[in-house]
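*Asks:* next comes the sequence, and after it the predicted model I'd like to discuss.
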Amino acid sequence: MKSLVVVGPTASGKSSVALEVARRRRVAGQPTEIVSCDSMAVYRGMDIGTATPSPAVRSEVPHHLVDVVDPSEEYSVSAFTEQVRSVLDDLRERGVHAVLVGGTGLYVRAVTDGLVPPPRYPEVAEQLEAEPDTSVLLARLERLDPLAASRIPAGNRRRVVRALEVTIGSGRPFSSAGPGLDVYPPTPFVQVGLDVPRDVLAARIRARYDAQLEQGFVDEVRSLAATGPSRTAREALGYRELLGYLRGESTLDEAVATAVVRTRRFAVRQERWFRRDPRITWFAATEFDPATLAARIDTHWSAASTADDRGTFDGRDGDHRRAEGRDPT
């Protein structure tokens, strides 16, 4: 039985749908657990802002790769790749079905295509981060690896630094790490996406922030600030803006408004990322409640697995290609 992957932009309802699919399978006597592919859900103490499933839900259906590191720690696709392989190995050995869910595109591709990210070079990265002008770094990358530079959206400092880190650290152009993420080979996973109109998604994003504020989002961010969040943790949607509010850089209303705009733009980038993958089957996610939609996806999952069952990703076999790190998430 192939594993199922549920993707989509933030606030599309993918976590609720994945949970309902897992419930259906478990009721039918088929052990099923959920594996998160979210780069921010890994952090402990950031549950409100990342919409992490509640303890009650996680006791009902086991979730993996949620709350696994402290916010003070850096987390990367390399760490995720190692951990997710171990989780999927364990599920396979126990005869448990896996439903993977998340919106971090590179994390999803690390699983579905067995991508192996280039190694880290911390000392090089630290030296690069000391340069405050991103245009200076980009000009350097254009000299060393013009192909990699041409693939990076304007202003994306994180990806410029990463490309330079690998190019300088390895002595090889970052773009030579592999064929890139524009290649979509056969994969031993059934992938589905949730399709939500952008105006509906925008309303959901605003409503979710309102609900999170009522749940204590500001207090959660205040606690996070006291612990000293890592670079990756403090960039999480909503957290960066509320951290600015707590530093007195804006009013709460201004911080939330900025977070909503940033999140809407992020959702558009997520959708574009996943839309490029022709292996994903899309389901309208506005007219059906999660249980009804889960039933349709479950039927598709069974049919796709029966039609072309090539086994499950085991973290060792298959085409493990180098990832160029072009994920916008």
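*Replies:* Arrived safely.

*Asks:* does residue 78 really touch residue 115, like I thought?
*Replies:* No - in terms of CB atoms under 8 Å, residue 78 does not count as a neighbour of residue 115; the distance is 10.3 Å. Every residue, glycine included, has its C-beta placed from N, CA and C.

*Asks:* what about the two, which has more around it?
*Replies:* When residue 78 is set against residue 115 and neighbours are counted by other CB atoms under 10 Å, the residue ahead is residue 115, at 23 against 15.

*Asks:* how near is the more buried one to residue 187?
*Replies:* Relative to residue 187, residue 115 is positioned 11 Å away (CB to CB, to the nearest Å).

*Asks:* residue 278: neighbour count?
*Replies:* Residues within reach of residue 278, counting by other CB under 10 Å, total 7.

*Asks:* do the same with residue 149
*Replies:* Taking other CB under 10 Å as the criterion, the count of residues near residue 149 is 21.

*Asks:* and it, that's in a helix?
*Replies:* Yes - for residue 149, which was evaluated using DSSP: H, G, I helix; E, B strand; the rest coil, the result is membership in a helix.

*Asks:* could you list which residues are in contact with it?
*Replies:* If you count contacts by CB atoms under 8 Å, 6 or more residues apart in numbering, residue 149 has them with 138, 141-142, 160, 163.

*Asks:* switch the cut-off to 7 Å
*Replies:* Residues in contact with residue 149 (CB atoms under 7 Å, 6 or more residues apart in numbering) are 138, 141-142.

*Asks:* mind checking what secondary structure residue 4 has?
*Replies:* Recorded secondary structure, residue 4: strand (three-state DSSP).

*Asks:* can I assume it is in contact with residue 99?
*Replies:* Yes - with contact taken as CB atoms under 7 Å, residue 4 and residue 99 are classed as touching, separated by 4.9 Å.

*Asks:* and for those two, which residues touch both?
*Replies:* Here residue 4 and residue 99 have residue 21 as joint contacts, going by CB under 7 Å, 6+ apart.

*Asks:* and the residue nearest to the spatial centre of the chain, its phi and psi?
*Replies:* Among the residues of the chain, the smallest C-alpha distance to the mean C-alpha position (CA atoms, centre = their mean) belongs to residue 104, namely 1.7 Å. Residue 104 adopts backbone torsions of phi -90, psi 100, taken as degrees, to the nearest 10.

*Asks:* what sits against the closest residue in space to residue 275 that isn't next to it in sequence?
*Replies:* On the basis of CB to CB, 6 or more residues apart in numbering, the spatially nearest residue to residue 275 that is not a chain neighbour turns out to be residue 193, at 7.9 Å. Under the criterion of CB under 7 Å, 6+ apart, the neighbours of residue 193 are 7-8, 274, 280, 282.

*Asks:* backbone dihedrals for residue 193, please?
*Replies:* Reported as degrees, to the nearest 10, the phi and psi values for residue 193 are phi -120, psi 150.

*Asks:* what distance do you get for it to residue 223?
*Replies:* For residue 193, the distance to residue 223 equals 34 Å [CB to CB].
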